[in-house]
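*Asks:* model the structure of this input:
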Amino acid sequence: MSVETNSDTGKKSGTLVSQLDETLRRAIASGQFPPGSKLPSEAQLTAAHGVSRTVVREAIAALRADRLVEARQGAGVFVLETSAPNRPTMLSLSNTDLARVSSMIELLELRTAVEVEAAGLAALRRSPAQEEVILERHDAVRACLEAAKPTSEADFALHLAIAEATNNPRFREFLTMIGRNLIPRAALRPDDSEADQAAYIKLLDDEHNAIVAAISNGDEEGAREAMRRHLRGAQLRYRTLLREMRESVR
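*Replies:* Model prediction:
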């Protein structure tokens, strides 16, 4: 059981997460890790697959979100019985129609309710190492924006880092359950002028910067307000797009 890695610095961590996630799922499905067994430790998975601890944590979080494994305090991560009758069922968003802008708005409202609190808790609870990861993820989003590259992977990684800094694993599990494909990315349209695109890029960077700065400064309420402004701004942009789409079909 191994994950192919690429030493190029351009290799996206999101791809490594997907690879490790799929590898572990196959191992569980094949019986290599039967129900009740313990997965290798974080350090062992890091060494065995040549990936970072962050990649391992994100892959495990995805398994936990799908109720394939559970973490037991001080003991490790254990494989669950997939057909256990009395286990709580996680909310399923797999039937969300990603093609419908209205679905994106609904999920943005849900994200707002959760991530505003996550930002506040991150400002209060983050460790120096977690703060450093948040700053690195913010720089990665900015680099994508400046290079006119897709930002979904980097954006999702930033929000996951903030969720991680709450030191409450449920926040990360929630975002992992929704998935990186639901990070807003339709605000830039092919017919937008260069000036409109530049204005949007600056706006997105400013919104992220306000969130990260408030968390770094330990400003709990400032972090909440900055996250609220960011996600409500995304809702507004999608509502505007939805109105335009409806008007075009009249």
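*Asks:* ok, residues contacting the helix or strand containing residue 132?
*Replies:* Following DSSP states H and E, one finds residue 132 within helix 128-146. With contact meaning C-beta atoms under 8 Å, 6 or more residues apart in numbering, helix 128-146 is reached by 54, 122, 126, 150-151, 154-155, 157-158, 160-162, 164-165, 167, 201, 204-205, 208-209, 212, 215-216. Backbone N, C-alpha and C define where each C-beta goes, glycine included.
*Asks:* equivalent analysis for stretch 68-79, please.
*Replies:* When contacts are defined by C-beta under 8 Å, 6+ apart, stretch 68-79 is touched by residues 25, 28, 33-39, 41, 60, 63-64, 80, 82, 169.
*Asks:* now, among the residues you listed, which is nearest to residue 15?
*Replies:* Lowest distance from residue 15 to these (C-beta to C-beta) belongs to residue 25, with 15.7 Å.
*Asks:* please name every helix or strand in contact with the helix or strand containing that closest one.
*Replies:* Take DSSP H and E as the rule and residue 25 turns out to sit in helix 13-30. Applying 3 or more C-beta pairs under 8 Å, 6 or more residues apart in numbering; DSSP states H and E, one finds that helix 13-30 makes contact with helix 42-49, helix 53-65, helix 152-164.
*Asks:* and those, which is most packed in?
*Replies:* Stretch with highest mean neighbour count among the helices and strands packed on helix 13-30: helix 152-164 (a mean of 24; mean count of other C-beta atoms under 10 Å).
*Asks:* now it and helix 53-65, what's the angle there?
*Replies:* On the basis of axes from the mean of the first three to the mean of the last three C-alpha atoms, to 10 degrees, helix 152-164 is oriented at 80 degrees to helix 53-65.
*Asks:* who's in contact with the helix or strand following helix 152-164?
*Replies:* Going down the chain from helix 152-164, the next helix or strand is helix 169-178, by DSSP H and E. Residues outside helix 169-178 that contact it (C-beta under 8 Å, 6+ apart): 57-58, 61-62, 64-66, 71, 90-91, 93, 107, 110-111, 114-115, 118, 121, 156, 159-160, 163-164.
*Asks:* report the buried residues of the helix or strand following helix 169-178.
*Replies:* Where DSSP H and E defines the elements, the next helix or strand beyond helix 169-178 is helix 194-216. Within helix 194-216, the residues scored as buried using 16 or more other C-beta atoms under 10 Å are 200-201, 204, 207-208, 210-212, 214-216.
*Asks:* equivalent analysis for stretch 123-137, please.
*Replies:* Judged by neighbour count (16+ other C-beta under 10 Å), stretch 123-137 contains these buried residues: 123, 126, 130-131, 133-135, 137.
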